[in-house]
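[1] everything below, folded, please.
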Amino acid sequence: MSVIEIINKLYNTSTATREELNYLLDNLTKKDKEYLIEKSHEIALNNYGNNVYIRGLIEFTNYCIRDCKYCGIRKSNNKADRYRLSIEQILECAELGDKLGYKTFVLQGGEDPYFTDEIMVEIIKKIKGKYPYNAITLSLGERSYESYERMFKAGADRYLLRHETASKELYESLHPNSSFENRRKCLENLKKIGYQIGAGFMVGLPKQTNNDLVNDLLYLKELNPHMCGIGPFIPHKDTPLYNENCGTLEKTITMLALVRLMLPKVLLPATTALGSIDPLGREKGLKAGGNVVMPNLSPTNVREKYSLYDGKICTGDEAAECRACIEKRINKAGFKLNISRGDSLVLSEEEINNINKNIKIEKIIKENLDNISLVKKG
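    As a prediction, the model looks like this:
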């Protein structure tokens, strides 16, 4: 079977064998890549139209107990300038995001023991109390089933936990004192609890092979996540991998396109990391099947401190500037910004209808409470 025939098979059936995927990655020509991107873009349009969904990112702590070898906020990096946002600061970020039209807030941080279940539940309830029809996405790393469940019951909707790599040996070489099996178990637990889950991996990791990338594709196909974050490996100067080569835009775009073909309904971010290695990286990601962007809502004085890799873009821009800039770029690339919650089509029609029904109920309750408040003031 030729590369083009494998791409067509993926386009028509969303499936391919391990052997076919390995053959494709080993033999992909420039012309093949152009065809792959064309077909992945077509699949994205068939499912989501030319919509690009926007999420407001709040990076609220760069403390972390993990020591992942590629990460700039790893525990052993003594040069990291650590910070934690207060609950009040997090709520201010959410307020700004709501004013700018964001309907999803992404609370992201290192694995910081300071943010206990009690504190996270308080944060989630306060955000939901003020913005009941906005979605809350969490990205806090590995926690217990009970912890995930408590945050879900408090009102969290989604959880991002990149599996990083689906190859056990490679995973363990990059994550000291971490369990490959537990990472997967966390994703299973999150899905079981009812979260919309996001997995994902890095492209261009040291010693990563095409077979490792095929492992990622097959794992994602089995997991069937609602979201999938894929970005290039970018070294950080204060980590053990500081001298390694960066992952390429070309290979990352190829993997984005393949994920879109294998998971037609997944939400697929065009990541900041793509824009950090190429001025038009995010736009190229969108044209390869991406449909989510996550501009930063964090205070500008902490953005550079949340340094997962070197060369991160947009650290000095105000939130309103990020919002205006990203919309302009999206429109110029031929897409339109969609400011709805943008729930994943991986959800069943019944699940999406229930979400919309609950949002309508929450809006009615909020409007009635606002009216009662006005009457009392009058």
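[2] and Glu304, how many neighbours does it have?
    Using other C-beta atoms under 10 Å, the number of residues around Glu304 comes to 11. Glycine gets a C-beta too; all of them are placed from N, C-alpha and C.
[3] what do you get for Glu92?
    The burial count for Glu92: 15, using other C-beta under 10 Å.
[4] now the end-to-end length of stretch 94-112.
    The first and last residues of stretch 94-112 sit 20 Å apart, counting by C-alpha to C-alpha, to the nearest Å.
[5] list the buried residues in that stretch.
    Within stretch 94-112, the residues scored as buried using 16 or more other C-beta atoms under 10 Å are 94, 96-98, 100, 102-112.
[6] what's the most distant pair in those residues?
    Pairwise distances across those (C-beta to C-beta) peak at 28.7 Å, for the pair Leu100 and Glu111.
[7] A helix includes Ile123, no?
    Yes: Ile123 sits within a helix when classified using DSSP: H, G, I helix; E, B strand; the rest coil.
[8] residues in contact with it?
    Contacts here follow C-beta atoms under 8 Å, 6 or more residues apart in numbering; on that basis Ile123 touches Ile87, Ile90, Leu91, Leu107.
[9] just the ones of those in helices?
    Ile87, Ile90, Leu91 (DSSP state H).
[10] what's the ChimeraX line that selects buried ones from those?
    For the buried members of the ones in helices among the contacts of Ile123, the matching ChimeraX selection, counting by 16+ other C-beta under 10 Å, is:
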select :90,91
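[11] show me where pLDDT drops low in this structure?
    361-378 (pLDDT under 70).
[12] spell out which residues make up each domain of it.
    50-347, 352-378 (automatic domain parsing).
[13] which one, of those domains, ends up nearest to Thr13?
    domain 50-347 (9.5 Å).
[14] show me where the stretch 251-378 of the chain has its helices.
    272-277, 281-287, 300-303, 319-332, 349-377 (DSSP state H, counting those that start in this stretch).
[15] who are the contact partners of the residue nearest to Gly290 when sequence neighbours are not counted?
    What sits nearest to Gly290 in space, not counting adjacent residues and going by C-beta to C-beta, 6 or more residues apart in numbering, is Ala270, at 3.7 Å. Contact analysis of Ala270 by C-beta under 8 Å, 6+ apart lists Val52, Leu256, Gly281, Arg282, Glu283, Lys284, Gly285, Leu286, Gly290, Asn291, Val292, Val293.
[16] go on, Arg55?
    With C-beta under 8 Å, 6+ apart, Arg55 has these contacts: Tyr102, Thr104, Phe105, Val106, Thr137, Val292, Val293, Met294, Pro295, Gly342.
[17] same thing but 10 Å
    Going by C-beta atoms under 10 Å, 6 or more residues apart in numbering, Arg55 touches 97, 102-106, 135, 137, 158, 160, 227, 267, 269, 292-295, 297, 341-342.
[18] middle-most residue in the protein, spatially?
    Gly229 (4.5 Å; C-alpha atoms, centre = their mean).
[19] which SS class is that residue?
    strand.
[20] could you measure it against Ala199, distance?
    8 Å (C-beta to C-beta, to the nearest Å).
[21] common neighbours of the two, please.
    Leu160, Leu161, Arg162.
[22] need the contact list for Ala199.
    Contacts of Ala199 by C-beta under 10 Å, 6+ apart are 160-164, 166, 183-184, 187, 190-191, 216, 219-220, 223-230, 266.
[23] then Gln108?
    With C-beta under 10 Å, 6+ apart, Gln108 has these contacts: 57-62, 137-141, 160, 294, 296, 298, 306, 308.
[24] apart from its chain neighbours, what residue comes closest to Arg183?
    The nearest residue in space to Arg183 (C-beta to C-beta, 6+ apart) is His163, at 5.9 Å.
[25] the one you found and Leu218 touch, don't they?
    No: in this structure, His163 is not within contact of Leu218 by C-beta atoms under 10 Å, at 12.0 Å.
[26] between those two, who's got more neighbours?
    Comparing His163 with Leu218 by neighbour count (other C-beta under 10 Å), the higher total belongs to His163, at 21 against 16.
[27] quick check: that one vs Lys39, distance?
    25 Å.
[28] how about Asp117?
    44 Å.
[29] more neighbours, the two?
    More neighbours surround Lys39 than the other of Asp117 and Lys39, with 20 against 16 (other C-beta under 10 Å).
[30] how far away is the residue lying closest to that one once chain neighbours are set aside from Glu5?
    Among residues not flanking Lys39 along the chain, Tyr11 sits closest, at 4.7 Å (C-beta to C-beta, 6+ apart). Going from Tyr11 to Glu5 by C-beta to C-beta gives 11 Å.
[31] who has more neighbours, those two?
    Ranked by neighbour count (other C-beta under 10 Å), Tyr11 and Glu5 place Tyr11 first, with 18 against 11.
[32] quick check: that one touching Leu36?
    Yes: Tyr11 is within contact range of Leu36, at 9.3 Å (criterion: C-beta under 10 Å).
[33] overlap of the contact sets of the two?
    Joint contacts of Tyr11 and Leu36 (C-beta under 10 Å, 6+ apart) are Arg260, Leu261.
[34] just the strands in the stretch 51-200 of the chain please.
    Counting by DSSP state E, counting those that start in this stretch, the segments of the stretch 51-200 of the chain that form strands are 51-54, 56-61, 104-109, 135-139, 158-160, 196-203.
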